[in-house]
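Undergrad: Compute the structure for the input listed below.
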Amino acid sequence: QKATNNLDNEFNVKRLEYYLSAFTLTHDGGQITKASDVYILVDGGSTVDVELGSFNITTLESINFSVGVDPGVNNQDPTQWPSNHALAPKSPSMHWGWAAGYRFVALEGKTGSSMNTIFEIHALGNDNFFKISIPTKGSMDNGNLVIKLDADYTEALSNIDVSGGLVIHGETDQATRLLRNFTNTVFTSEEGNKNTLGITNTIP
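TA: As a prediction, this is how the structure comes out:
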């Protein structure tokens, strides 16, 4: 299935995996509650349903999180985790090595006039661990507070020219832009809200 970014580049996606972590909930007049040790490895082709925990919340105001793995944990040994844990070794690998840590986002696909030109962006780096805060009240379902977020992955490649093929693995340039796009515009609450802590995209 083909998509088109804002530069009119047609592309399809063969692999999209990314981490979400550092979840907190703002509620009841600005109180902040942390969802401890929640790490999610998202497959872009699947719906994700995760329990953040059991909390005393009357009125939810926002959900806060980041794309990637938080500094500190990011540079730990992946083999310390149980095999079914999001941070355990994966195939294909989501870990870059101890010095750099995990791939925050691995995005791969095809582009070009015949859709046979490869592009790959693997984005990582503690300096790219950006905060996201999305206002939402959530909704109640059988006594549970459910927070629904939509992800528009076409937005991930906004202002990234992939038309000629592109292979970027690292912490700068288009990799940073990809993570900024994830931070600013990919995620939307069921009310239509995006990140209120938007990062200015200053990369030319």
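Undergrad: Surely Lys34 and Thr26 touch.
TA: No. If you go by Cβ atoms under 8 Å, Lys34 and Thr26 don't touch, sitting 10.9 Å apart. Quick note: C-beta positions are derived from backbone N, CA and C, even for glycine.
Undergrad: low-scoring pLDDT stretches of the protein, where are they?
TA: Filtered on pLDDT under 70, the chain yields the residue ranges 199-204.
Undergrad: need the longest strand for it.
TA: Taking DSSP state E as the criterion, the chain has its longest strand at strand 10-27.
Undergrad: what comes up buried for that strand?
TA: Across strand 10-27, burial judged by 16 or more other Cβ atoms under 10 Å covers 11, 13, 16-27.
Undergrad: cool, and stretch 173-182?
TA: For stretch 173-182, by 16+ other Cβ under 10 Å, it's 174-182.
Undergrad: For Trp134, grab the count of nearby residues.
TA: One correction, residue 134 is Ile, not Trp. Neighbourhood size, Ile134 [other Cβ atoms under 10 Å]: 19.
Undergrad: Kindly apply the preceding question to Lys110 instead.
TA: 18.
Undergrad: Would you mind pulling up the elements that the helix or strand it falls within packs against?
TA: Element membership of Lys110, judged by DSSP states H and E, is strand 101-111. Of the remaining helices and strands, those touching strand 101-111 by 3 or more Cβ pairs under 8 Å, 6 or more residues apart in numbering; DSSP states H and E are strand 10-27, strand 95-97, strand 117-124, helix 174-181.
Undergrad: Enumerate the positions of the helix or strand following the last one that are buried.
TA: In this case it means helix 174-181. Downstream of helix 174-181, the next assigned helix or strand under DSSP H and E is strand 187-189. Within strand 187-189, the residues that count as buried by 16+ other Cβ under 10 Å are 187-189.
Undergrad: export the residues you listed to CSV and tack on distance to Leu157?
TA: Shown next, in CSV, are the buried residues of strand 187-189 (distance: Cβ to Cβ, whole Å):
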residue, distance to Leu157
Phe187, 15
Thr188, 17
Ser189, 22
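Undergrad: Nearest to Thr59, out of those residues: which one, please.
TA: Among the buried residues of strand 187-189, Ser189 lies closest to Thr59 (Cβ to Cβ), at 14.8 Å.
Undergrad: how near is the closest one to Thr154?
TA: From Ser189 across to Thr154, the span is 18 Å (Cβ to Cβ, to the nearest Å).
Undergrad: likewise Thr79?
TA: Taking Cβ to Cβ, one finds Thr79 at 36 Å from Thr154.
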